[in-house]
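1. A predicted structure for the sequence below; I have some questions about it.
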Amino acid sequence: MTRTQPALFVPHGAPTFALRPGAAGAALTAMAGSLSLPRAIVIVSAHWDTALPTVGFAERPETIYDFWGFPDELYQIRYPATGCREASDEVAAAIKATGLPVVADAQHGLDHGAWVPLRLMFPDAEVPVIPLSIQSRGGPEQAYKLGQALAPLAAKGFLVIASGNVTHNLRDYQMAARSGGQTPAYVREFSDWLAKRLAERDIPALLDYRHQAPGGVQAHPSDEHLLPLYVALGAGGENAQAKRFHAGIDDYVIAMDAYSFLPQ
């Protein structure tokens, strides 16, 4: 029997998260272990950004090393994912059914925003993986609508994993690293504001985070690393309960909070 899956928002941090997963990595591993085995995984990474929603159809999505200047051992890691044409068709159909445009891509692989958390959660790569892009130009509202289009798939055994970070300001990281590693106050203030609004399911405030959240613009000089959260929020369904199953900070300024959205 197919069991309804939650939608998840997970952190992917810096690429070195793959080598030093720490507490956040342990939380992702534990969450995956608590789930029934999905029929397929829809992975939404902040690092695949396209003009239109794009669904990956690759039979064997390649491991993409979309970073440079990191330890050599990172470039030796391979996540041997497989795709599934039937599952990709269903994802594309679900998006199209809501009136959103959709594009197919038979070549796109898995960037580090995808394979780093997948490797921690499903190390045996036993579940087919379907990449799905974000559209940063559409902002939180478009990302939320994209997630809503995916919501019916939960009852069919699809697990939506959206990968980004609750805070992501690389300039502040560089400043903190040079000045002795002090975490700016906005990192925790923004994370706590987000957690409260998600618990209250205050969708209007969440969509308007850049104006309403403390440190919203500093937490995200650009939207792309927070947009996967809105996809997961929408994919959980209209009455989904948000649960923060990990909270923490890596590399001074990167909030590694993780959420599940369970359909009610």
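-> Thanks, I have it.
2. Contacts only, for the residue nearest to the spatial centre of the chain.
-> In the chain, the centroid-proximal residue (Cα atoms, centre = their mean) is residue 163; its distance is 1.7 Å. Residues near residue 163 by Cβ atoms under 8 Å, 6 or more residues apart in numbering: 9-12, 43-46, 113-114, 116-117, 228. C-betas here are computed from N, CA, C, even on glycine.
3. Please flag which of those sit within strands.
-> Among these, the residues falling in strands (DSSP state E) are 9, 10, 11, 43, 44, 45, 46.
4. before we move on, back to that, wait, which of the contacts of residue 163 is closest to residue 217?
-> residue 46 (17.1 Å; Cβ to Cβ).
5. and the residue nearest to that closest one when sequence neighbours are not counted, what are its phi and psi?
-> Nearest-residue entry for residue 46: residue 164, 4.1 Å, with adjacent residues in sequence omitted and distances by Cβ to Cβ, 6 or more residues apart in numbering. Recorded main-chain torsions at residue 164 are phi -160, psi -140, according to degrees, to the nearest 10.
6. and if you look at the one 4 residues further on?
-> With angles defined as degrees, to the nearest 10, residue 168 sits at phi -160, psi 90.
7. distance of it from residue 133?
-> Plainly put, residue 168 is 18 Å away from residue 133 if you go by Cβ to Cβ, to the nearest Å.
8. what about the spatially closest residue to residue 16 that is not a sequence neighbour, which SS state?
-> For residue 16, ignoring the flanking residues on the chain, the nearest one in space by Cβ to Cβ, 6+ apart is residue 70 at 6.4 Å. Assigned with DSSP: H, G, I helix; E, B strand; the rest coil, residue 70 falls in the coil class.
9. Was I right to think residue 70 contacts residue 15?
-> Yes: the pair residue 70 / residue 15 is scored as a contact, 5.2 Å apart, by Cβ atoms under 8 Å.
10. Between the two, point out the one with more neighbours.
-> Ranked by neighbour count (other Cβ atoms under 10 Å), residue 70 and residue 15 place residue 15 first, with 20 against 15.
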